[in-house]
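**Q** one predicted model, sequence on top.
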Amino acid sequence: MTNIEPCLICIGRTVMLLLAANGAPVLARRWFKARFSWPVDMGLTLGDGHPLFGYSKTWRGIVIAVIAASLVAPVLGLSAQDGALFGLATMSGDLLASFIKRRRGHAESSRVRGVDTIPESVMPALLLRTQLGLGWLDILAIALIFFLVEIFLSPVLYRLHIKNRPY
């Protein structure tokens, strides 16, 4: 397959991993409440007066995302190690998005379209591009699909009391 032809199976597999890695911390927050929710940045505030990442980015979320992706990966034909790396890359992208939002003065858990989804969908796709069989157009498609899933699925999860915000 060339980089010009999309690989729909590869795209679907990647989106499923993204949903697992991003959904697991949301479910963990619901199940565990405040237990084990130690902030990654340990409350560090930078010179701009804003937190490094914010209170909602927790070690629990990172660990549960890595575990979830490593459990889902073998079902999708990937190794558990690739799944763990995928989960870690996804959460790294999420931390990068939070860092950018804090530097731009946005409140914690605020919505900034694009910044909320692009780093966490593109980073794991780029890192595991070969293992996932992705071409460049596939990665663009994944970013777009994940962006749209976030727009349409988040309000539903909010109405079901799974997410704290409709975005």
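**A** Cool, got the structure. Only a predicted model underlies this, so the values are computations on that prediction, with no experimental measurement involved.
**Q** C-alpha from now on. contacts and neighbour counts both.
**A** OK.
**Q** which is the next helix or strand following the helix or strand harbouring P124?
**A** Taking DSSP states H and E as the definition, P124 sits inside helix 118-127. The first helix or strand that comes after helix 118-127 along the chain, using DSSP H and E, is helix 129-132.
**Q** hmm, back to that, mind listing what's buried in the helix holding P124?
**A** I118, P119, E120, S121, V122, M123, P124, A125, L126 (16 or more other C-alpha atoms under 10 Å).
**Q** what about this protein, any weak spots by pLDDT?
**A** For the chain, applying pLDDT under 70 flags the ranges 1-3.
**Q** count the neighbours of the nearest residue to L76 once chain neighbours are set aside for me.
**A** Once flanking residues are discounted, L76 sits nearest to R13: 6.3 Å by C-alpha to C-alpha, 6 or more residues apart in numbering. Applying other C-alpha atoms under 10 Å, we find 21 residues neighbouring R13.
**Q** same check on E150?
**A** Neighbours of E150 (other C-alpha under 10 Å): 17.
**Q** if I pick the closest residue to it other than its chain neighbours, what's in contact with it?
**A** Spatially, and ignoring its direct neighbours in sequence, E150 is nearest to Y167 (7.1 Å; C-alpha to C-alpha, 6+ apart). Contact analysis of Y167 by C-alpha atoms under 8 Å, 6 or more residues apart in numbering lists R111, E150, I151, S154, P155, Y158.
**Q** gap between Y167 and C10?
**A** 26 Å (C-alpha to C-alpha, to the nearest Å).
**Q** now do stretch 109-120: distance to the chain's middle.
**A** Distance of stretch 109-120 from its chain centroid, counting by C-alpha atoms, centre = their mean, to the nearest Å, is 10 Å.
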